[in-house]
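K.L.:
What shape does this take:
(one chain, ligands or ions: 1)
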Amino acid sequence: MASPTAPTPSKQPSGLQGVTAGDSSLSKVFGEEGRLIYRGFQIEPLAEQATFEECVHLLWYDRLPTPAELDALRADLAAAQSIPAEVWTVLRPMVGKASLMDLLRTGVSAMSAWDEDVAATRDTDAETRAELNLRIAKRLMARIGPLVAGLYRLGRGEAVIEPRADLSMAGNFLAMVRGSAPQAEEERIFDAALTLHADHGFNASTFAARVTAATEADIYAAITSAIGTLGGRLHGGANMRVMHMLEKIGELDRVVPFVDEILAQPGGRVMGFGHRVYKVEDPRATVLRRMAQSLTSATGNSKWFDISRKLEDHVKEKKGLFPNVDFYSASVYGSLGLDPEIFTPIFAVSRASGWLAHVMEQHADNRLIRPRANYIGQTDREFTPMDAR
Ligand code: COA
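P.N.:
Residues are numbered from 1 along each chain as shown. The predicted structure is shown next:
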């Protein structure tokens with residue numbers, strides 16, 4: 001017979017699967033169709049025909065920019081991209097001790113101390129906060145790429161390269177990381193990869209940002225929560241692990257035994273496959289596959305792409321799983337000569353645009369997010385004083 005304190009199992013699926021947690025007009029994932037839209041627009045033309053800056057404008061202002069609006073946004077971002085020297089002073093002692101994602105999380109948190117608008121957002125009316133939030137969002141968006149690039153270079157014992165005002169966000173990022181401006185095709189593909197990662201419904205990091213924002217905490221607090229959440233291997237941390245996996249496999253003929261060994265382990269996961277919402281191929285993976293192939297032709301180095309293709313076929317055959325966004329972003333970034341350590345921080349640079357849009361959307365029509373737990377512990381236990389235990 002069940003004791004009076006026996007737990008009642010939750011009727012909800014675990015991990016909030018399938019639960020709708022709020023309204024948003026930013027992006028929609030059509031899991032059954034393999035389709036993703038930002039503000040009503042399909043992601044494919046946005047990735048292939050628009051720039052990342054246009055995508056940021058679309059997410060923040062709910063419309064594609066005119067040429068003048070795009071120039072204005074670019075000018076605001078370029079004017080704000082220099083990181084206060086004090087932030088580097090805070091971060092330098094941590095370099096080499098913490099991962100790049102941990103440094104990024106701390107760096108974003110530290111930047112709030114040198115943002116003259118942030119304190120004023122905490123106890124004010126909605127209109128003033130919206131105005132200040134947009135200013136802070138531009139500042140944070142402008143600085144997150146230079147922050148990642150600078151931390152990466154410091155970690156390698158190299159000097160930080162200052163951002164340039166004449167380059168796109170994608171071109172600037174590659175120039176700051178690699179030391180010279182990229183080829184036009186490299187810039188175009190990296191720009192598209194940024195657009196493809198910009199927003200994705202209530203994914204874990206975005207939801208974390210919204211939960212934090214819904215307490216009326218400031219933007220820096222929300223983005224710091226989001227970065228911490230993105231780092232895990234089941235979320236943004238997967239892309240780096242995909243590259244490590246490709247490196248470990250090394251040769252085409254090692255793909256099958258490598259995958260079989262993972263799948264033979266209980267709970268074994270092949271990084272870059274499967275998705276909570278998509279039941280068919282992730283549409284971002286489709287675009288990134290094309291880009292990985294195109295980079296392969298441009299660079300003449302098809303190693304990562306060939307291994308990825310074979311891996312994809314084998315995982316599909318054995319488990320019926322499709323690649324997700326992290327799978328082909330790894331070979332794209334690898335072919336651009338980027339180090340796996342910087343892959344997840346790149347995801348953060350892109351997703352910051354979506355996180356910021358969500359925080360502004362949350363603040364514009366806010367209610368505290370506070371669900372209940374299904375308590376499965378004991379109840380009615382007798383307290384025993386210390387000397388009687
Ligand atoms: N490799 C091997 N098996 C996988 C898998 C993977 N990458 N992803 C899912 N599966 C299997 C699970 O083992 C499980 O099988 P079972 O029913 O036989 O136990 C089934 O598929 C369902 O998986 P589940 O963990 O319940 O799905 P989820 O919705 O909780 O997880 C992810 C979604 C993304 C966390 C999961 O697919 C995963 O861990 N992928 C690898 C990490 C990754 O690429 N993350 C980036 C996401 S964009």
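
K.L.:
Now the phi/psi pair for the residue in the chain that the ligand sits nearest to, please.
P.N.:
Residue nearest to the ligand within the chain: G274 (2.3 Å; CB to the nearest ligand atom). From N, CA and C alone the C-beta is placed, and that goes for glycine too. Main-chain torsions, G274, degrees, to the nearest 10: phi 90, psi 160.

K.L.:
Now do it against F190, distance only.
P.N.:
Distance, G274 to F190, using CB to CB, to the nearest Å: 25 Å.

K.L.:
Give the buried residues for whatever helix or strand E54 lives in.
P.N.:
Per DSSP states H and E: E54 is located in helix 52-61. Of all the residues in helix 52-61, those buried under the rule 16 or more other CB atoms under 10 Å are F52, E53, E54, C55, V56, H57, L58, L59, W60.

K.L.:
before we move on, the earlier item: compare G274 and F190 and say which is more crowded by neighbours.
P.N.:
More crowded of G274 and F190, by other CB atoms under 10 Å: F190, with 25 against 18.

K.L.:
which ones are touching that one?
P.N.:
If you count contacts by CB atoms under 8 Å, 6 or more residues apart in numbering, F190 has them with A170, G171, F173, L174, P182, V332, L336.

K.L.:
Pull the residues that contact the helix holding E54.
P.N.:
By CB under 8 Å, 6+ apart, helix 52-61 touches 26, 38-39, 41, 46, 50, 63-65, 69-70, 73-74, 77, 134, 137, 141, 168-170, 191, 194-195, 198-199, 350, 353-354, 356-357, 360.

K.L.:
which ones among these are found in helices?
P.N.:
46, 69-70, 73-74, 77, 134, 137, 141, 169-170, 191, 194-195, 350, 353-354, 356-357, 360 (DSSP state H).

K.L.:
Summarise which helices and strands the lowest-mean-pLDDT helix or strand in the chain is packed against.
P.N.:
The least trusted helix or strand in the chain, going by mean pLDDT, DSSP states H and E, turns out to be helix 283-299, with a mean of 90. If contacts are counted by 3 or more CB pairs under 8 Å, 6 or more residues apart in numbering; DSSP states H and E, helix 283-299 sits against strand 35-38, helix 43-49, helix 184-196, helix 303-319, helix 325-335.

K.L.:
and the angle from it to helix 325-335?
P.N.:
Per axes from the mean of the first three to the mean of the last three CA atoms, to 10 degrees, the angle that helix 283-299 makes with helix 325-335 is 20 degrees.

K.L.:
quick one: contacts of helix 283-299?
P.N.:
34-36, 43-44, 47-48, 183, 185-186, 189, 192-193, 196-197, 302, 304-305, 308, 322-325, 327-329, 331-332, 335-336.

K.L.:
Mind doing that once more with 6 Å?
P.N.:
34-36, 47, 185, 189, 196, 302, 305, 323-325, 327-329, 331-332, 335 (CB atoms under 6 Å, 6 or more residues apart in numbering).

K.L.:
List the buried residues for that helix?
P.N.:
Buried-residue list, helix 283-299, by 16+ other CB under 10 Å: 283-296.

K.L.:
cool, and stretch 183-190?
P.N.:
E186, E187, R188, I189, F190.

K.L.:
what's the angle from the helix holding E54 to helix 184-196?
P.N.:
20 degrees.

K.L.:
could you give me the average pLDDT of helix 52-61?
P.N.:
For helix 52-61, the mean per-residue pLDDT is 98.

K.L.:
do stretch 376-389 as well
P.N.:
Computed over stretch 376-389, the average pLDDT equals 96.
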